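In: What shape does this take:
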Amino acid sequence: MGKRMFYVLKMILQTPNKAITALEIQEALMKQDMKIDIKTVYSCIKQINDFFNGWIGRDLIVSYHKLGYRIDEDIFEDGELQFLLDQIAFHQDLNREDQQHLQKKLLTVSSFHQQKRLVLFQPSERQHSFSLFINLTVIMKAIEHQKAISFQYIDYDIQNHQFIEVASQRGNKDAQYIVSPYSLTSQNNHYYMIAYNEKHPQQLTNYRIDRMRAIQTLNKGYINVQEQFDIQNEIEKMMNMFISHHRDTLVIECDYKQLREIVSRFGLNMRVQRLYQERLLLTIEDVSISEGLIGWIMMMQTQIKVISPQYLHDDIKSRIKAMHNLYQDML
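Out: Okay, here's the model as predicted:
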């Protein structure tokens, strides 16, 4: 019955018509050399609805008198499925084959009519020499079963004016890294593995999973010293290594047209004072004074000016002078 249920559901999902009758389902499946009587079609539809009632709390397939069967509400809302498909299409660490494979999986539970409403962005042409899904799967299973893993960590070299991947020689076995994985985390759209490496016994280390190659599970060598570390604290510490814990009140002058961008970054909890010619003075409390903040301010160029704190004003000013000196011979 399971195979028949699948094909009955597939037939209803893929029909381009307003609805499809049980007889049309039977005839279409018979053409595919699947022997099925009309009562079995009815039974399959009932069991499909029983299944989805337990999953999504409602019948998936709706019956209409004299019209047949159709799906009025898909398993995923349009916005939900569009979001998931977009995340796959634009994820920088997924190769094209993995993107297409996962998108195809999601679309198998989407109706013909829903797919007509979706915007299907083409996956990027970026080619990778690894599969993020395979890397993640191997690591997650190793964490569950407390297995050590070995891998190569990539570096880059230049050959014939092109970048090529090379294995880093900074592992604990030259080009080989052998570690005990403890956890996964994500930061800036990249996955990281938190692990113990005997080469650094006083700390945990993190590895970007998209930089790992030839990952293998080992049957020995797992070292479990997790009780010596606060794993969550270690994750936060490592992932925030480029974020300053120094916080201060930030006062900036900016163009009115940049207000939306500023609210997106800092929220609405700020004091606003109108100045002149569409310029505003904003006071934002408890801001992390970080490299990320400085980079963002400098990216905004003349649209934003730091008034205080003074040390941040001076820091940005000195960076601008250094950039000017760097390009001075070109002016």
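In: how distant is the helix or strand hosting Ile316 from the center of its chain?
Out: In the assignment (DSSP states H and E), Ile316 maps to helix 310-327. Centre-to-centre, helix 310-327 and its host chain are 35 Å apart (CA atoms, centre = their mean, to the nearest Å).
In: quick one: average pLDDT of it?
Out: Averaged across helix 310-327, the pLDDT comes to 93.
In: list the helices and strands it packs on?
Out: helix 291-299, strand 304-308 (3 or more CB pairs under 8 Å, 6 or more residues apart in numbering; DSSP states H and E). Quick note: C-beta positions are derived from backbone N, CA and C, even for glycine.
In: hey, which of the ones you listed is tucked in deepest?
Out: Mean neighbour count, computed with mean count of other CB atoms under 10 Å, is highest for strand 304-308 among these, reaching a mean of 16.
In: related to what we said a few turns ago, weakest of the helices and strands packed on helix 310-327 in terms of mean pLDDT?
Out: helix 291-299 (a mean of 90).
In: what angle separates it from helix 310-327?
Out: 60 degrees (axes from the mean of the first three to the mean of the last three CA atoms, to 10 degrees).
In: Which elements pack onto helix 291-299?
Out: Judged by 3+ CB pairs under 8 Å, 6+ apart, the packing partners of helix 291-299 are helix 310-327.
In: What separation is there between His200 and Ile45?
Out: The gap separating His200 from Ile45 is 59 Å, by CB to CB, to the nearest Å.
In: out of the two, which sits in the more crowded spot?
Out: Ile45 (21 against 12; other CB atoms under 10 Å).
In: Might one say that the more buried one is in contact with Arg4?
Out: No: using CB atoms under 8 Å, Ile45 is not in contact with Arg4; the gap is 10.6 Å.
In: neighbours of the closest residue in space to Ala28 that isn't next to it in sequence, just the number please.
Out: Sequence neighbours aside, Met11 is the residue nearest to Ala28 in space, at 5.8 Å (criterion: CB to CB, 6 or more residues apart in numbering). Each residue near Met11 was counted by other CB under 10 Å, and the total is 19.
In: and the helix or strand where Met11 lies, which residues are buried?
Out: Assigned by DSSP H and E, Met11 falls within helix 2-14. Within helix 2-14, the residues scored as buried using 16 or more other CB atoms under 10 Å are Arg4, Met5, Tyr7, Val8, Leu9, Met11, Ile12, Leu13.
In: I'd like the residues you listed as JSON lines, with distance to Ala148 and pLDDT appended.
Out: Output for the buried residues of helix 2-14, formatted as JSON lines (distance: CB to CB, whole Å; pLDDT from 0 to 100):
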{"residue": "Arg4", "distance to Ala148": "46", "pLDDT": "91"}
{"residue": "Met5", "distance to Ala148": "43", "pLDDT": "93"}
{"residue": "Tyr7", "distance to Ala148": "45", "pLDDT": "94"}
{"residue": "Val8", "distance to Ala148": "47", "pLDDT": "96"}
{"residue": "Leu9", "distance to Ala148": "43", "pLDDT": "96"}
{"residue": "Met11", "distance to Ala148": "48", "pLDDT": "94"}
{"residue": "Ile12", "distance to Ala148": "48", "pLDDT": "96"}
{"residue": "Leu13", "distance to Ala148": "44", "pLDDT": "96"}
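In: quick check, nearest of the residues you listed to Asn160?
Out: Leu13 (50.0 Å; CB to CB).
In: Would you mind measuring from the closest one to Arg274?
Out: From Leu13 to Arg274 the distance is 56 Å (CB to CB).
In: same thing with Ala142?
Out: Applying CB to CB to Ala142 and Arg274 gives a distance of 58 Å.
In: Tell me which of these two has more neighbours.
Out: Ranked by neighbour count (other CB under 10 Å), Ala142 and Arg274 place Ala142 first, with 23 against 9.
In: Spit out the contact partners of the residue positioned nearest the centre of the chain.
Out: Nearest residue to the geometric centre of the chain (CA atoms, centre = their mean): Asn189, 5.3 Å. Going by CB atoms under 8 Å, 6 or more residues apart in numbering, Asn189 touches His91, Gln92, Asp93.
In: which other helices and strands contact the helix or strand containing Tyr42?
Out: For Tyr42, the host element (DSSP H and E) is helix 38-56. On a contact count with 3+ CB pairs under 8 Å, 6+ apart, helix 38-56 meets helix 2-14, helix 22-31.
In: isn't Val8 right up against Lys46?
Out: No: under the criterion of CB under 8 Å, Val8 makes no contact with Lys46, lying 10.5 Å away.
In: okay if I get the helices and strands packed on helix 38-56 as JSON lines plus distance to Val251?
Out: Output for the helices and strands packed on helix 38-56, formatted as JSON lines (distance: least, CB to CB, whole Å):
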{"stretch": "helix 2-14", "distance to Val251": "57"}
{"stretch": "helix 22-31", "distance to Val251": "68"}
